[in-house]
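Q: Okay, structure incoming, though there's no sequence with it:
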């Protein structure tokens, strides 16, 4: 059986934050606002995976306000999500689009 999920996430820019996209730190004077590291790309990917599996969304699994998720790497959160998948499930493909005027992410793809 093949399943697909759609993930979407948006974060505002914020001063004094580091910028992470897809688990990669990108040098930038501003990062993204959020409770974890605010990696908008990995958040969308996690929501797609959780949606395909019928397991809710990242807000259900990693609610903001819980200290254990504060500034947590989204790579850690992604591993937790992958561990939630039923035995035997595999991810065949992930296609993601980042829409942003800033910063230039080409060199970090």
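A: Nice, I can see it. Bear in mind that the values here come from a model prediction, so they are computed numbers and not experimental data.

Q: How much space separates residue 24 from residue 13?
A: Distance from residue 24 to residue 13, counting by C-beta to C-beta, to the nearest Å: 17 Å. (C-beta placed from N, C-alpha, C; glycine too.)

Q: Secondary structure class of the nearest residue to residue 60 once chain neighbours are set aside, three-state.
A: Nearest residue to residue 60 in three dimensions, chain neighbours excluded: residue 50, at 8.0 Å (C-beta to C-beta, 6 or more residues apart in numbering). With DSSP: H, G, I helix; E, B strand; the rest coil as the basis, residue 50 sits in helix.

Q: what's the burial count for residue 50?
A: By other C-beta atoms under 10 Å, the residues close to residue 50 number 21.

Q: Confirm that residue 64 sits in a strand.
A: No - counting by three-state DSSP, residue 64 falls outside a strand, being coil.

Q: Was I right to think it contacts residue 35?
A: Yes - at 4.0 Å, residue 64 counts as touching residue 35 under the criterion of C-beta atoms under 8 Å.

Q: Fine, thanks again, bye for now.
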